[in-house]
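[1] Got a predicted model here, sequence first, then my questions.
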Amino acid sequence: AQSVTQLGSHVSVSEGALVLLRCNYSSSVPPYLFWYVQYPNQGLQLLLKYTTGATLVKGINGFEAEFKKSETSFHLTKPSAHMSDAAEYFCAVSETNDYKLSFGAGTTVTVRA
Amino acid sequence: GAGVSQSPRYKVAKRGQDVALRCDPISGHVSLFWYQQALGQGPEFLTYFQNEAQLDKSGLPSDRFFAERPEGSVSTLKIQRTQQEDSAVYLCASSRTGTSVDEQFFGPGTRLTVL
(Lines give C-alpha, C1' and ligand atoms only; values in the text may rest on other atoms or scores of the structure.)
Protein backbone atom coordinates (compact mmCIF):
# COMPACT_ATOMS: atom_id res chain seq x y z
CA ALA A 1 0.00 0.00 0.00
CA GLN A 2 1.15 3.49 -0.73
CA SER A 3 1.13 6.47 1.55
CA VAL A 4 2.09 10.08 1.13
CA THR A 5 3.37 12.41 3.84
CA GLN A 6 3.45 16.15 3.37
CA LEU A 7 5.55 17.83 6.04
CA GLY A 8 3.93 21.01 7.26
CA SER A 9 0.24 21.70 6.88
CA HIS A 10 0.87 25.44 6.52
CA VAL A 11 3.75 27.32 4.94
CA SER A 12 4.09 31.09 4.93
CA VAL A 13 6.57 32.79 2.63
CA SER A 14 7.38 36.35 1.65
CA GLU A 15 6.73 37.46 -1.89
CA GLY A 16 9.88 36.79 -3.90
CA ALA A 17 11.19 34.15 -1.50
CA LEU A 18 11.77 30.47 -2.18
CA VAL A 19 8.80 28.14 -1.89
CA LEU A 20 9.65 24.63 -0.68
CA LEU A 21 6.95 22.04 -0.07
CA ARG A 22 8.02 18.62 1.15
CA CYS A 23 6.57 15.29 0.10
CA ASN A 24 7.69 11.81 1.04
CA TYR A 25 6.09 8.59 -0.10
CA SER A 26 6.19 4.96 0.84
CA SER A 27 5.84 2.40 -1.90
CA SER A 28 7.26 -0.98 -2.66
CA VAL A 29 8.22 0.17 -6.14
CA PRO A 30 8.98 3.63 -7.51
CA PRO A 31 5.56 5.09 -8.19
CA TYR A 32 4.31 7.82 -10.42
CA LEU A 33 4.33 11.13 -8.54
CA PHE A 34 2.19 14.22 -8.91
CA TRP A 35 1.71 17.68 -7.46
CA TYR A 36 -1.70 19.32 -7.66
CA VAL A 37 -2.77 22.83 -6.68
CA GLN A 38 -6.23 23.76 -5.42
CA TYR A 39 -7.43 27.35 -5.39
CA PRO A 40 -10.49 28.25 -3.30
CA ASN A 41 -13.71 26.95 -4.79
CA GLN A 42 -11.90 25.37 -7.70
CA GLY A 43 -10.94 21.84 -8.67
CA LEU A 44 -7.46 20.42 -8.34
CA GLN A 45 -5.12 21.40 -11.15
CA LEU A 46 -2.07 19.37 -12.11
CA LEU A 47 1.19 21.26 -11.59
CA LEU A 48 3.59 18.55 -12.69
CA LYS A 49 4.17 14.82 -12.69
CA TYR A 50 7.02 12.34 -12.69
CA THR A 51 6.63 9.04 -14.46
CA THR A 52 9.97 7.98 -15.91
CA GLY A 53 13.13 9.60 -17.22
CA ALA A 54 14.57 12.84 -15.94
CA THR A 55 14.19 13.14 -12.21
CA LEU A 56 13.90 16.93 -12.25
CA VAL A 57 10.45 17.80 -13.52
CA LYS A 58 9.33 21.26 -14.55
CA GLY A 59 5.70 22.23 -14.32
CA ILE A 60 3.42 25.17 -14.80
CA ASN A 61 3.70 28.55 -13.08
CA GLY A 62 7.45 28.20 -12.51
CA PHE A 63 7.24 25.18 -10.20
CA GLU A 64 9.56 22.21 -10.35
CA ALA A 65 10.08 19.02 -8.36
CA GLU A 66 12.85 16.47 -8.06
CA PHE A 67 12.32 12.74 -7.61
CA LYS A 68 14.90 11.29 -5.23
CA LYS A 69 14.54 7.55 -5.04
CA SER A 70 17.08 7.15 -2.25
CA GLU A 71 15.16 9.60 -0.08
CA THR A 72 11.68 8.54 -1.30
CA SER A 73 10.96 12.21 -1.78
CA PHE A 74 9.37 14.47 -4.35
CA HIS A 75 9.72 18.00 -2.98
CA LEU A 76 8.16 20.94 -4.84
CA THR A 77 10.00 24.24 -5.25
CA LYS A 78 9.59 27.63 -6.83
CA PRO A 79 12.49 30.10 -6.70
CA SER A 80 10.39 33.24 -6.23
CA ALA A 81 6.91 33.25 -4.69
CA HIS A 82 4.15 35.35 -6.17
CA MET A 83 0.96 36.42 -4.46
CA SER A 84 -0.97 34.26 -6.88
CA ASP A 85 0.77 31.16 -5.49
CA ALA A 86 -1.38 31.30 -2.37
CA ALA A 87 -3.35 28.04 -2.51
CA GLU A 88 -3.40 24.48 -1.19
CA TYR A 89 -0.95 22.01 -2.65
CA PHE A 90 -1.32 18.25 -2.72
CA CYS A 91 1.26 15.59 -3.42
CA ALA A 92 -0.09 12.35 -4.86
CA VAL A 93 1.22 8.98 -5.93
CA SER A 94 -0.02 6.08 -7.98
CA GLU A 95 1.43 2.70 -8.66
CA THR A 96 2.59 2.23 -12.21
CA ASN A 97 -0.28 0.93 -14.30
CA ASP A 98 -2.76 1.88 -11.60
CA TYR A 99 -5.36 4.59 -12.02
CA LYS A 100 -5.90 5.40 -8.34
CA LEU A 101 -4.29 8.46 -6.86
CA SER A 102 -3.32 8.49 -3.19
CA PHE A 103 -3.06 12.02 -1.85
CA GLY A 104 -1.24 13.61 1.03
CA ALA A 105 -3.11 15.80 3.49
CA GLY A 106 -2.10 18.98 1.71
CA THR A 107 -0.05 22.08 2.49
CA THR A 108 -1.62 25.53 2.53
CA VAL A 109 0.67 28.25 1.24
CA THR A 110 0.23 31.88 2.19
CA VAL A 111 2.32 34.61 0.60
CA ARG A 112 3.16 37.76 2.55
CA ALA A 113 3.55 41.04 0.72
CA GLY B 1 -17.68 21.61 -22.09
CA ALA B 2 -14.34 23.10 -21.25
CA GLY B 3 -13.88 21.19 -18.03
CA VAL B 4 -15.45 18.84 -15.53
CA SER B 5 -18.60 20.25 -13.98
CA GLN B 6 -20.41 19.15 -10.85
CA SER B 7 -23.80 19.96 -9.43
CA PRO B 8 -24.97 21.06 -7.04
CA ARG B 9 -21.94 22.94 -5.77
CA TYR B 10 -23.35 22.94 -2.25
CA LYS B 11 -25.81 20.58 -0.64
CA VAL B 12 -27.23 20.62 2.87
CA ALA B 13 -29.07 17.50 3.96
CA LYS B 14 -30.72 16.44 7.14
CA ARG B 15 -29.43 13.23 8.61
CA GLY B 16 -31.27 10.33 7.06
CA GLN B 17 -32.02 12.02 3.75
CA ASP B 18 -30.87 10.64 0.42
CA VAL B 19 -28.73 12.83 -1.85
CA ALA B 20 -27.61 12.62 -5.47
CA LEU B 21 -24.50 14.35 -6.76
CA ARG B 22 -23.92 14.82 -10.48
CA CYS B 23 -20.73 14.88 -12.49
CA ASP B 24 -20.37 15.92 -16.14
CA PRO B 25 -16.93 14.84 -17.35
CA ILE B 26 -14.98 16.29 -20.22
CA SER B 27 -16.55 15.13 -23.45
CA GLY B 28 -14.91 12.00 -24.81
CA HIS B 29 -13.11 11.08 -21.63
CA VAL B 30 -13.29 7.35 -21.06
CA SER B 31 -12.50 7.25 -17.37
CA LEU B 32 -14.30 8.85 -14.47
CA PHE B 33 -13.34 8.91 -10.80
CA TRP B 34 -15.04 9.95 -7.58
CA TYR B 35 -13.04 11.11 -4.56
CA GLN B 36 -14.11 12.19 -1.08
CA GLN B 37 -12.25 15.04 0.61
CA ALA B 38 -12.91 15.49 4.31
CA LEU B 39 -12.10 18.80 5.94
CA GLY B 40 -8.35 19.29 6.27
CA GLN B 41 -7.56 16.09 4.40
CA GLY B 42 -6.49 15.12 0.92
CA PRO B 43 -8.92 13.50 -1.47
CA GLU B 44 -9.56 9.79 -1.01
CA PHE B 45 -10.51 7.47 -3.85
CA LEU B 46 -14.07 6.18 -3.89
CA THR B 47 -14.78 4.57 -7.24
CA TYR B 48 -13.71 4.33 -10.88
CA PHE B 49 -15.58 3.91 -14.16
CA GLN B 50 -14.30 3.05 -17.58
CA ASN B 51 -17.08 4.07 -19.92
CA GLU B 52 -20.24 2.68 -18.27
CA ALA B 53 -18.47 -0.11 -16.41
CA GLN B 54 -17.71 0.39 -12.72
CA LEU B 55 -14.36 -1.34 -12.49
CA ASP B 56 -13.45 -0.44 -8.93
CA LYS B 57 -15.67 0.52 -6.01
CA SER B 58 -13.25 -0.47 -3.30
CA GLY B 59 -13.20 3.02 -1.77
CA LEU B 60 -16.93 3.35 -1.16
CA PRO B 61 -17.20 3.60 2.64
CA SER B 62 -20.47 1.71 3.02
CA ASP B 63 -23.34 0.17 1.11
CA ARG B 64 -25.15 3.48 1.50
CA PHE B 65 -22.94 4.83 -1.27
CA PHE B 66 -23.82 4.00 -4.85
CA ALA B 67 -22.45 5.36 -8.12
CA GLU B 68 -23.54 4.91 -11.70
CA ARG B 69 -22.60 6.03 -15.20
CA PRO B 70 -25.25 4.38 -17.34
CA GLU B 71 -24.34 5.84 -20.73
CA GLY B 72 -20.64 6.23 -20.19
CA SER B 73 -20.83 10.00 -19.80
CA VAL B 74 -22.61 11.70 -16.90
CA SER B 75 -22.19 10.04 -13.51
CA THR B 76 -24.23 10.23 -10.33
CA LEU B 77 -23.03 9.48 -6.82
CA LYS B 78 -25.91 8.65 -4.54
CA ILE B 79 -25.75 8.53 -0.77
CA GLN B 80 -28.66 6.97 1.05
CA ARG B 81 -29.65 7.72 4.62
CA THR B 82 -26.93 10.36 5.01
CA GLN B 83 -24.95 10.50 8.26
CA GLN B 84 -22.94 13.35 9.71
CA GLU B 85 -19.69 11.58 8.86
CA ASP B 86 -20.65 11.84 5.19
CA SER B 87 -20.04 15.60 5.33
CA ALA B 88 -17.21 16.28 2.91
CA VAL B 89 -16.40 17.65 -0.51
CA TYR B 90 -17.05 15.10 -3.24
CA LEU B 91 -14.75 15.50 -6.21
CA CYS B 92 -15.22 14.07 -9.65
CA ALA B 93 -12.37 13.66 -12.13
CA SER B 94 -12.12 12.40 -15.67
CA SER B 95 -9.25 11.30 -17.85
CA ARG B 96 -8.84 10.55 -21.50
CA THR B 97 -7.92 6.93 -20.97
CA GLY B 98 -7.48 5.90 -17.34
CA THR B 99 -3.87 4.87 -17.11
CA SER B 100 -1.83 6.43 -14.34
CA VAL B 101 0.24 8.49 -16.77
CA ASP B 102 -2.90 10.19 -18.04
CA GLU B 103 -3.85 13.44 -16.30
CA GLN B 104 -7.00 13.41 -14.22
CA PHE B 105 -8.99 16.62 -14.62
CA PHE B 106 -10.95 17.54 -11.52
CA GLY B 107 -14.25 19.32 -11.13
CA PRO B 108 -14.85 21.99 -8.47
CA GLY B 109 -16.55 19.52 -6.16
CA THR B 110 -19.84 19.32 -4.29
CA ARG B 111 -19.67 20.34 -0.65
CA LEU B 112 -22.09 18.16 1.29
CA THR B 113 -23.09 19.15 4.81
CA VAL B 114 -25.20 16.73 6.79
CA LEU B 115 -26.96 18.26 9.77
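    All right, it came through fine.

[2] what comes up buried for the one helix or strand A:F90 maps to?
    According to DSSP states H and E, A:F90 maps onto strand A:87-94. Of all the residues in strand A:87-94, those buried under the rule 16 or more other C-beta atoms under 10 Å in any protein chain shown are A:A87, A:E88, A:Y89, A:F90, A:C91, A:A92, A:V93, A:S94. C-beta: built from backbone N, CA, C; applies to glycine.

[3] For chain B, state which of these is nearest.
    Nearest to chain B among the buried residues of strand A:87-94: A:S94, at 4.2 Å, using C-beta to the nearest C-beta.

[4] ok, the closest residue to the closest one other than its chain neighbours - how many residues close by?
    Excluding the flanking residues, the one nearest A:S94 by C-beta to C-beta, 6 or more residues apart in numbering or on different chains is B:S100, at 4.2 Å. Residues lying near B:S100 (other C-beta atoms under 10 Å in any protein chain shown) number 21.

[5] where's B:S100 relative to B:V19, distance?
    30 Å (C-beta to C-beta, to the nearest Å).

[6] Please apply the same query to A:P30.
    Distance from A:P30 to B:V19, by C-beta to C-beta: 40 Å.

[7] same question, A:H10
    Counting by C-beta to C-beta, the gap from A:H10 to B:V19 is 32 Å.

[8] For whichever residue of chain A sits closest to chain B, which residues are in contact?
    Proximity of chain A to chain B (C-beta to the nearest C-beta) peaks at A:F103, 3.2 Å away. Neighbour list for A:F103: A:V4, A:Y36, A:F90, A:C91, A:A92, B:G42, B:P43, B:E44 [criterion: C-beta atoms under 8 Å, 6 or more residues apart in numbering or on different chains].

[9] Name the nearest of these relative to B:S62.
    Lowest distance from B:S62 to the contacts of A:F103 (C-beta to C-beta) belongs to B:E44, with 13.8 Å.
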